[in-house]
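# Provided below are the primary sequence and the corresponding predicted coordinates.
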Protein chains: 2
Amino acid sequence: MLYRKFRVIKAEIRIVGVDDGVFIPHERGFVDVVGVVFRGGYWLDGVMKTKIEVDGMDATQKIASMILGSPHYKQLRIIMLSGITFAGFNIVDIHELYDKTQLPVIAVTRNKPNFDDIRRALENLPRKKERWEIIRKAGVPVEVQTHEGEAPIYIQTAGLRLEDAEKIVKISSTQSNIPEPLRVAHIIASSLARFYAKENTK
Amino acid sequence: MLYRKFRVIKAEIRIVGVDDGVFIPHERGFVDVVGVVFRGGYWLDGVMKTKIEVDGMDATQKIASMILGSPHYKQLRIIMLSGITFAGFNIVDIHELYDKTQLPVIAVTRNKPNFDDIRRALENLPRKKERWEIIRKAGVPVEVQTHEGEAPIYIQTAGLRLEDAEKIVKISSTQSNIPEPLRVAHIIASSLARFYAKENTK
């Protein structure tokens, strides 16, 4: 299916918001990735976790497996990602993620990505052409004003129409200009990273 | 101060909800305890963590240190505990927790505690008199109907008037009969326990 049409977007549409936790010093080379299940922009229903390699190529597969293996999978309607770049330059192929999970994907960033900078950074990595191709085919980020008078966000999508994606990010941005599943995924992922960093320096 | 009076209880009163995560197989004898910072029954603002001994005597001290050491401490107005018994029979002294943190404490359970059963279970533990004394002085659990037509909850309190405690559990039970900070603390604490259990059986 090229994309999923949403006839009605319910205020409590089940969304999994995915973010990474920056670093785990006791296990160099890997980063925890957290998925937070929300009903729309309101209620947290579950938390899931996986682990991906820093600058690796496994983010798409690992995030897909995490979501497919969750008890919440059948209720989910949307995947939201905190951008497409996790754990350094482990890049999520949003089209492949849609294909594997059959759930439309919306990648959200606070800032407009600078593709010239990204392309230069990729120069130092193996499989740079493959990575660039994944970034390129994620498409041009589109500005969305989720809250009047606040900073806009930028989205890239797979598996749904832009107008549906815009509606979904707007209804789920209940507390700030960022969709709530991603705001909370960020808090939990970064707290986890801090806890386990602290435990290992005790 | 014997207790704190609340002149006004704001809908977004800052609450930390505390629950434990049942078990960590890779580190027998200790259990993760999670604190979740909420604005009322609505918005998650932070997550904190500590670790306590199974059947130990350190829950009060560890939870107090976790809260006092949090960057959210100054905003907090209330501590909510998922009961007073953590990690087996590591019992929180709610009056001491209030004294150490200067934050009123509300312990919440779904079921009316059966004190005869608890007293019998304590028979097999060291320092059983001390533990019983902490339980006894937490006071008689009071039934509160947070949602019409749903099961009531039971509360024990330290450092605030019962009528204020009742108002606070009611305004924060936005999504179920349980205050939201405790519903979400339970999801996060039990997910953490599952993740780290899984990682260690790989």
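Looks like it arrived, so ask away.

# Do a quick rundown of the strands in chain A.
A:14-20, A:30-39, A:43-53, A:78-82, A:85-86, A:90-91, A:105-109, A:142-144, A:153-158 (DSSP state E).

# closest to chain B out of the ones you listed?
strand A:43-53 (4.0 Å; Cβ to the nearest Cβ). C-beta here means a position set from N, CA and C on the backbone, and glycine is covered the same way.

# so the closest one versus strand B:30-39, what angle?
In terms of direction (axes from the mean of the first three to the mean of the last three Cα atoms, to 10 degrees), strand A:43-53 departs from strand B:30-39 by 130 degrees.

# Strand A:43-53: partners in the sheet, and parallel or antiparallel?
strand A:30-39 (antiparallel) (DSSP bridges).

# what angle sits between the partner strand and strand A:14-20?
Interaxial angle, strand A:30-39 versus strand A:14-20 (the same axes, to 10 degrees): 160 degrees.

# what's the closest of the strands of chain A to A:Ala121?
Shortest separation from A:Ala121 across the strands of chain A is recorded for strand A:85-86, at 9.6 Å, computed as Cβ to Cβ.

# what lines up beside the closest one in the sheet?
Here the strand partners of strand A:85-86, with direction, are listed using DSSP bridges: strand A:90-91 (antiparallel).

# And the average pLDDT for the partner strand is what?
In this model, strand A:90-91 has an average pLDDT of 96.

# Bridge partners for the residue nearest to A:Pro71 when sequence neighbours are not counted, pull those for me.
Taking Cβ to Cβ, 6 or more residues apart in numbering or on different chains as the measure, A:Pro71 lies nearest to A:Gly46, with 7.3 Å between them; neighbours along the chain are not counted. Going by DSSP bridges, A:Gly46 is paired in beta bridges with A:Val37.

# Over to the one 5 residues further on?
Per DSSP bridges, residues listed as beta-bridge partners of A:Lys51: A:Asp32.

# contacting residues around it?
A:Lys51 sits next to A:Phe30, A:Val31, A:Asp32, A:Val33, A:Lys62, B:Glu199 when contact means Cβ atoms under 8 Å, 6 or more residues apart in numbering or on different chains.

# And for A:Arg4?
The contact partners of A:Arg4, by Cβ under 8 Å, 6+ apart, come to A:Pro104, A:Gly159, A:Leu160.

# out of these, who has the most neighbours?
A:Pro104 (25 neighbours; other Cβ atoms under 10 Å in any protein chain shown).

# Help me see whether the top helix by length along chain A makes contact with chain B, please.
In terms of residue count, the longest helix belonging to chain A (DSSP state H) is helix A:180-199. Yes - Helix A:180-199 comes into contact with chain B (Cβ under 8 Å from any Cβ of the partner chain), by way of A:Val184, A:Ile187, A:Ile188, A:Ser191, A:Leu192, A:Phe195, A:Glu199.

# Next, format those as TSV and append neighbour count.
TSV is the format used below for the residues of helix A:180-199 next to chain B (neighbours: other Cβ atoms under 10 Å in any protein chain shown):
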residue	neighbour count
A:Val184	25
A:Ile187	19
A:Ile188	27
A:Ser191	19
A:Leu192	23
A:Phe195	20
A:Glu199	14
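
# from these, which is closest to B:Ala11?
Taking Cβ to Cβ as the measure, A:Val184 is the one of these closest to B:Ala11, at 19.1 Å.

# my read: that closest one touches A:Gly17, true?
Yes - applying Cβ atoms under 8 Å, one finds A:Val184 in contact with A:Gly17, separated by 6.7 Å.

# Find residues that contact each of these two.
Shared contacts of A:Val184 and A:Gly17, defined by Cβ under 8 Å, 6+ apart, comprise A:Val36, A:Phe38.

# on that earlier part again, between strand A:78-82 and the longest helix of chain A, find me the angle.
With the same axes, to 10 degrees as the criterion, the two stretches helix A:180-199 and strand A:78-82 enclose an angle of 50 degrees.

# So which bits of stretch A:117-135 are buried?
Going by neighbour count (16 or more other Cβ atoms under 10 Å in any protein chain shown), the buried part of stretch A:117-135 is A:Leu122, A:Arg131, A:Trp132, A:Ile134, A:Ile135.

# taking the residues you listed one by one, which sit in helices?
Secondary structure assignment (DSSP H) places A:Leu122, A:Arg131, A:Trp132, A:Ile134, A:Ile135 from the buried residues of stretch A:117-135 within helices.

# and these as a markdown table, adding pLDDT and distance to B:Ile79?
Conversion of these to a markdown table gives the following (pLDDT from 0 to 100; distance: Cβ to Cβ, whole Å):
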| residue | pLDDT | distance to B:Ile79 |
| --- | --- | --- |
| A:Leu122 | 92 | 48 |
| A:Arg131 | 96 | 47 |
| A:Trp132 | 95 | 50 |
| A:Ile134 | 96 | 46 |
| A:Ile135 | 96 | 46 |
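
# got those as CSV, with distance to chain B columns?
Compiled in CSV, those are given as follows (distance: Cβ to the nearest Cβ, whole Å):
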residue, distance to chain B
A:Leu122, 30
A:Arg131, 27
A:Trp132, 32
A:Ile134, 27
A:Ile135, 29
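
# Could you pick out the residues of chain A near chain B for me?
For chain A, the residues in contact with chain B under the definition Cβ under 8 Å from any Cβ are A:42-49, A:51, A:175, A:184, A:187-188, A:191-192, A:195, A:199.

# can you rerun that using 7 Å?
Proximity of chain A to chain B, by Cβ under 7 Å from any Cβ of the partner chain, involves residues A:Trp43, A:Leu44, A:Gly46, A:Val47, A:Lys49, A:Gln175, A:Val184, A:Ile187, A:Ile188, A:Ser191, A:Phe195.
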